[in-house]
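# Predicted model, plus sequence, below.
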Amino acid sequence: MLFHRLGLGFTPSSSNPDRRHCYVRPAALDQLLETPGALEALALELGATSTPSALSLVEQLEHIRRRAIHLAVTPSAVSGLSLEEIIVMTAYASPRFDGTAWKREVARQPSDQELYRVCERWLRQRSAVISTGRQVGKPRWPLVGYSSSDRQARDQFSVGVAPFSNATVLWSELDRLAGEADLANEHYVACSPATALAFIDLHARSTPTLRYDSLVLDRKLRTLGIGLLLVEPDGVLLYLPSRYQPLPVKP
């Protein structure tokens, strides 16, 4: 594991286990590089060599590293991405990896009900009362937590959460969602890493020339003042903080 990562010039995952590459954990990147045949497939997809099977493991790593660096600094679909991001997006977009456990795990999507329950549990730990945005005319925010049952309390703090399990729906709803993002002090979109990763892929394929932008979702949410919660099997990660919005106290 360490050899694969260091051979490509990556930082070992043990040094920063919380860092993400296109919303994918370093441990998942380790899993990808350890998958039998993964290096050969990456070499072919990146155009590093046409005969990867004829090369040693060290030679494959070097070819992949050099090719990825070249693609990152020249006009290409992965221009401007880090080495880790290039590896993740290449494997995610390539049908060569469709049958791998890594691809199945990265693309694993909780159901709408699972996603809602996890978000509700996260919000309940921070709120005394949970309501819905529909009650105040903001139906696009299905979960709103309040720090006090007294809605008029001066120290009332509220958080709105909108779960999404589909990247296409998230893509089409973001601006309309932002139009209703005035019902709470903080607002968050919640989705799985799979949805966030698919958002990057969807954006890349919507442009005239295929180009992956690892920060497209982050940048959009920051512009709207909305935070991002990543929902995973072991809990919820506050990936992108929300902008605090003071609300006037109603008489």
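Noted; the coordinates are in hand. Numbering: from 1, shown residues only.
# and G145, helix, strand or coil?
Secondary structure for G145, judged by DSSP: H, G, I helix; E, B strand; the rest coil, is strand.
# can you count the residues close to it?
23 (other CB atoms under 10 Å). Every residue, glycine included, has its C-beta placed from N, CA and C.
# now E40
E40 has 19 nearby residues by other CB under 10 Å.
# helices or strands next to the helix or strand containing it in the packing?
Using DSSP states H and E, E40 sits within helix 38-46. With contacts defined as 3 or more CB pairs under 8 Å, 6 or more residues apart in numbering; DSSP states H and E, helix 38-46 has these neighbours: helix 57-73, helix 83-93.
# Save these as TSV, and put in mean neighbour count too.
Converted to TSV, the helices and strands packed on helix 38-46 look like this (neighbours: other CB atoms under 10 Å):
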stretch	mean neighbour count
helix 57-73	17
helix 83-93	23
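# and of those, who's closest to R117?
Set against R117 and scored by CB to CB, these come closest in helix 83-93, at 26.9 Å.
# just the strands in this protein please.
Using DSSP state E, the strands assigned to the chain run over residues 129-131, 143-146, 158-163, 186-191, 227-232, 235-240.
# what ranges of the stretch 151-251 of the chain fall below the confidence cut-off?
151, 248-251 (pLDDT under 70).
# can we see that at 50?
Within the stretch 151-251 of the chain, the stretches with pLDDT under 50 are 249, 251.
# Spell out the residue ranges of the helices in it.
All helices of the stretch 151-251 of the chain, identified by DSSP state H, counting those that start in this stretch, fall at 167-178, 193-206, 216-224.
# got the CA positions of the helix holding E40 in CSV?
The C-alpha coordinates for helix 38-46 follow below in CSV (Å, rounded to 0.1, in the frame of the first residue of the first chain):
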residue,chain,number,x,y,z
ALA,A,38,-5.6,-1.4,-11.6
LEU,A,39,-2.2,0.1,-12.5
GLU,A,40,-2.3,-1.5,-16.0
ALA,A,41,-5.9,-0.1,-16.5
LEU,A,42,-4.8,3.3,-15.3
ALA,A,43,-1.8,3.3,-17.6
LEU,A,44,-4.0,2.5,-20.6
GLU,A,45,-6.7,5.0,-19.7
LEU,A,46,-4.2,7.8,-19.2
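# any idea of the mean pLDDT in it?
Averaged across helix 38-46, pLDDT comes to 94.
# gap between it and the chain center?
Counting by CA atoms, centre = their mean, to the nearest Å, helix 38-46 is centred 23 Å from the centre of its parent chain.
# Can you give the domain ranges for this structure?
2-106, 112-240 (automatic domain parsing).
# For stretch 95-106, buried residues please.
For stretch 95-106, the neighbour count (16 or more other CB atoms under 10 Å) marks 96-97, 100, 102-103, 106 as buried.
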